[in-house]
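Asks: Fold the following and give me the result.
(2 chains)
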Amino acid sequence: MIYLDHAAATPVSDKTLEAMKPYFLVDFFNPSSAYLPAKKVAHDFSEAKANIAHAIGAKENDLIITAGATEANNLAMTAISSEAKVLYLKTEHDSVRNPAKRFNSEEIAVDKNGRINLDDLKSKIDDNTELISVALANNELGTIQPLAEIAALVREIRLERLKNGSSRQLLLHSDASQATNLLDINVARLGVDLLTLNAAKVYGPKGVGALYISHDVRLKPLSVGGGQENGIRSGTENVPGVIGFASALTHAKEHLNGNRKKYANFRKILLNEIKDYELINKKHSLDNFVVLCFDGLDAERLIYLLEEREVYVSTGAACAASKGVRSHVLAAIGLSDSEINGSLRITLGETNTEEQIHEAAKIINEVVALERERIRRG
Amino acid sequence: MAKVFVGMSGGVDSSVAALLLKEHGHDVTGVYMKNWSKDLPGMKCPWAEDLADAKRVAVKLGIDFEVWDFEKEYHDKVVEYMLDEFKKGNTPNPDVMCNQEIKFKLFFEKAMERGADYIATGHYARTSGSELLRAKDENKDQTYFLYRISDTAISHTLFPVGEMLKPEVKKLAKEKGLHNAYKKESMGVCFVGEVGMKDFLKEYIDIKPGEIREVESEKVLGYHEGAVFYTIGQRHGLYLSGVAGEANDGLPYYVVSKDLNKNIVYVSKNLNDSHIWTKELKIKDVILRKEAKNVLVRLRHRAPLIPATFDGETLFFENEVKRPAAGQSAVIYDGDICLGGGIII
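Replies: This is a model prediction of the structure:
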């Protein structure tokens, strides 16, 4: 098997699984229970949460643990008032777009590389705007956004509002799910007020995520109950999940530079050895994203042919594909319907070796040739 | 070698149909008919997964594959018809209508325009010239849903799995490595999927609760959620209460009639009620491909064939039959040949 879809899911490493195991089997206690063994679990949980926070330059109390990035993105929207306006990048994931659409909302345009159009952003911020959501890196293209520049603009507007006697907040939220594994993230440097993290994309368990919030942000709970997570997210803590998340994130931090170099090299090999394509994510992309357009071909057919050779790739986002809708991300950067149809997303990761990459390029060439031949005959 | 467009639903039957056509050396194009894609509250429409299943099989067979969008037509011709019939108090069969209006009309016509010699589907049925014949697998025979399709369509349609038994179809799919060999069959109406018609209707028809009365005594025995939900002959899902002694004798109540104006559902314990059992059935919108008097009749999909005489508008049975709901079909056969049928009044 050659797995080239690390943006969709990542395997949990043995080390992380081992770290989680005791919390299923031995230290299974409810962290809220009164006896000492339970207190130990509460302590370990808190330590793991602190480790996650430290990985992004934050403190334990700045994090709300969630059941994944979708919940974190939804929770982020609770920071604003119901009459507020939300701005989000046109290429955001549905877990940002859909909750944003419950508010008065507008999309921010991107250029052909998928980077934010700052002028468009500026022109759309009005007196009611309370939240701007821009993913640190896009999930279909890998495009990295200039968060610090956006944050500077946000700060300017805040100052202006104060000067004008307005106390309306303006918050910057970023979904860092795809970027966490490839970029050195520091919330202060990025200048974000809210940041979404996802364990499932960093070789941690699925169904675990976190929302970082700065001190000025006040969230409203999506579900209420026993008052865990500072009353913002009730429910018994997912101890093994958080332990696994922390372990995975620590590993990611340690291997960040090595992995980036490795992926950049793999990317170069693919671009050299695959034939007859157009590269879609030319600039500002995460090192592990390779988006290729095979003109006139149907990428979905390529997926099924590659699947027979045990090479696993994807078209846009896995969830978009399963809903049978055309990628709004590729449309946003100006690709035509036929270009979108022919676009394949390859996302590299820790399961890959250089040998696999050469092999994958060879198989992709064969499959593409097969499809071109079928069309030529027809 | 013929040019064939095969309707592929993503299920095993139409996948094997495509496989057989390809193996016979035909020039095959797989087509997914997109008839319905809307999710309903709490139920995800499986169309995208079905489409992916169909496409994956087409790719593995190395055939062309297209999606033909009939959503508007399906809504206008099938869904509207279905809702109208329910509003009239009838129990329509949308699958019959879908075959008549979409699969063997629009799909057929478009395929012919594209230069097809034949269309094909994964239905269990057979043809001989312009005759429609029952499938080899009596247990799977689907001519009950196909009886209204046109002669022209019949003579230009291939039913590759009609000569096979279902277990053989599954076995072949497995041998050929088709991933959907064990896919669960979709139950009920195609687009409602596994979810009940009731939930679907709730979305589209204004429904008011009303009384359930005993037909003989006019006594109120309970209440219903909306008269359109109930089918004549139905004995499940009746919320009866409050008449101790009478409702507790262990005998089930059956729905025998409905008054849609007053929104009353009438029930009875009397199994001999003429609303339930009858020796005669009047049918309308009759299609008969060949004159016939002494015939065999099927009153429900997979129900046994019953001998009857037919005078052009009424079917006469020797013994009493359980009366199907108005709006359902009575399908007429002469031996293996499906002659046609009509809608029960």
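
Asks: Flag the shaky bits of chain B, pLDDT-wise.
Replies: Chain B contains residues with pLDDT under 70 at B:186-195, B:237, B:239-250.

Asks: Just the C-alpha atoms of stretch A:175-193, please, in CSV.
Replies: Output of stretch A:175-193 as CSV, limited to C-alpha atoms (Å, rounded to 0.1, in the frame of the first residue of the first chain):
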residue,chain,number,x,y,z
ASP,A,175,-8.2,26.6,11.8
ALA,A,176,-4.8,25.1,12.0
SER,A,177,-5.8,21.5,11.5
GLN,A,178,-3.7,20.9,8.4
ALA,A,179,-0.8,23.1,9.4
THR,A,180,-0.1,21.8,12.9
ASN,A,181,2.2,19.0,11.6
LEU,A,182,4.2,21.1,9.1
LEU,A,183,4.5,24.6,10.7
ASP,A,184,6.0,25.8,13.9
ILE,A,185,2.9,27.3,15.4
ASN,A,186,2.9,30.0,18.1
VAL,A,187,-0.3,31.8,18.9
ALA,A,188,1.3,35.0,19.9
ARG,A,189,3.4,35.2,16.8
LEU,A,190,0.4,34.5,14.6
GLY,A,191,-1.6,37.0,16.5
VAL,A,192,-4.8,34.9,16.6
ASP,A,193,-7.5,35.1,19.2
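
Asks: Could you report the distance from A:L4 to chain B?
Replies: Distance, A:L4 to chain B, by Cβ to the nearest Cβ, to the nearest Å: 18 Å. To be clear about C-beta, it is placed using only N, CA and C from the backbone, and glycine gets the same treatment.

Asks: my read: that residue touches A:E359, true?
Replies: No: if you go by Cβ atoms under 8 Å, A:L4 and A:E359 don't touch, sitting 10.9 Å apart.

Asks: So between these two, which is more surrounded?
Replies: Ranked by neighbour count (other Cβ atoms under 10 Å in any protein chain shown), A:L4 and A:E359 place A:L4 first, with 27 against 14.

Asks: and the chain, what are its domains?
Replies: If you meant another chain, say so; for now it's chain A. A:2-9+A:256-377, A:14-250 (automatic domain parsing).

Asks: not quite, I wanted chain B
Replies: As given by automatic domain parsing, the domain ranges for chain B are B:3-192, B:206-268, B:277-344.

Asks: Out of those, which gets nearest to chain A?
Replies: Minimum separation from chain A across these (Cβ to the nearest Cβ) falls at domain B:3-192, 3.3 Å.

Asks: close to chain A, is that closest one?
Replies: Yes: residues of domain B:3-192 contacting chain A under Cβ under 8 Å from any Cβ of the partner chain: B:37, B:47-49, B:51-52, B:55-56, B:59-60, B:62, B:64-65.

Asks: Please give the centre-to-centre distance between that domain and its chain.
Replies: 12 Å (Cα atoms, centre = their mean, to the nearest Å).

Asks: B:R298: neighbour count?
Replies: Neighbours around B:R298, by other Cβ under 10 Å: 22.

Asks: Please apply the same query to A:D14.
Replies: The number of residues packed near A:D14 is 8, by other Cβ under 10 Å.

Asks: same question, A:A84
Replies: Neighbour count of A:A84, defined by other Cβ under 10 Å: 19.

Asks: which residues sit in contact with it?
Replies: Each residue near A:A84 by Cβ atoms under 8 Å, 6 or more residues apart in numbering or on different chains is listed here: A:103-104, A:128-131, A:168.

Asks: contacting residues for A:S285?
Replies: A:141-144.

Asks: hang on, isn't A:A38 packed against A:F29?
Replies: Yes: if you go by Cβ under 8 Å, A:A38 and A:F29 touch, sitting 3.8 Å apart.

Asks: returning to that earlier point: which one of the domains of chain A has the poorest average confidence?
Replies: Among these, domain A:2-9+A:256-377 has the lowest mean pLDDT, at a mean of 93.

Asks: Show me where the chain has its helices.
Replies: All of this refers to chain A. Remark: helices assigned in chain A by DSSP state H are A:14-25, A:36-55, A:69-76, A:94-100, A:118-124, A:147-163, A:187-190, A:239-273, A:299-308, A:318-322, A:328-332, A:337-341, A:354-377.

Asks: could you do chain B instead?
Replies: So, for chain B - with DSSP H - the helices run B:12-23, B:47-61, B:71-74, B:80-87, B:94-98, B:107-113, B:143-146, B:151-155, B:166-175, B:197-204.

Asks: would you turn those into JSON lines with mean neighbour count?
Replies: Below are these laid out as JSON lines (neighbours: other Cβ atoms under 10 Å in any protein chain shown):
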{"stretch": "helix B:12-23", "mean neighbour count": "24"}
{"stretch": "helix B:47-61", "mean neighbour count": "22"}
{"stretch": "helix B:71-74", "mean neighbour count": "16"}
{"stretch": "helix B:80-87", "mean neighbour count": "17"}
{"stretch": "helix B:94-98", "mean neighbour count": "22"}
{"stretch": "helix B:107-113", "mean neighbour count": "18"}
{"stretch": "helix B:143-146", "mean neighbour count": "24"}
{"stretch": "helix B:151-155", "mean neighbour count": "17"}
{"stretch": "helix B:166-175", "mean neighbour count": "16"}
{"stretch": "helix B:197-204", "mean neighbour count": "16"}
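
Asks: quick one, which of the ones you listed is nearest to A:T91?
Replies: Closest of the helices of chain B to A:T91 is helix B:47-61, at 21.3 Å (criterion: Cβ to Cβ).

Asks: got the angle for the closest one vs helix A:299-308?
Replies: For helix B:47-61 against helix A:299-308, the angle between stretch directions is 60 degrees (axes from the mean of the first three to the mean of the last three Cα atoms, to 10 degrees).

Asks: Can you give me the end-to-end span of stretch B:319-336?
Replies: 22 Å (Cα to Cα, to the nearest Å).

Asks: neighbours around the closest residue to B:L260 other than its chain neighbours, how many?
Replies: Residue nearest to B:L260 in three dimensions, not counting chain neighbours: B:G89, with 4.7 Å by Cβ to Cβ, 6 or more residues apart in numbering or on different chains. Other residues near B:G89 come to 19 when the count uses other Cβ under 10 Å.

Asks: ok, B:G89 touching B:K258?
Replies: Yes: under the criterion of Cβ under 8 Å, B:G89 makes contact with B:K258 at 5.2 Å.

Asks: Quick check: neighbours shared by the two?
Replies: In contact with both B:G89 and B:K258: B:A227, using Cβ under 8 Å, 6+ apart.

Asks: which of the helices of chain A sits most buried?
Replies: Most buried of those, by mean neighbour count (mean count of other Cβ atoms under 10 Å in any protein chain shown): helix A:69-76, with a mean of 26.

Asks: Name the residues that touch that one?
Replies: A:64, A:66, A:93, A:95-96, A:99, A:131, A:133, A:173, A:175, A:177, A:194, A:196-198, A:200-201, A:209-211, A:219, A:222, A:232-233.

Asks: do the same with stretch B:11-28
Replies: Contacts for stretch B:11-28 (Cβ under 8 Å, 6+ apart): B:1-8, B:30, B:50, B:53-54, B:57-58, B:61-64, B:120-124, B:158-161, B:164, B:169-170, B:172-173, B:176, B:178, B:180-183, B:185-186.
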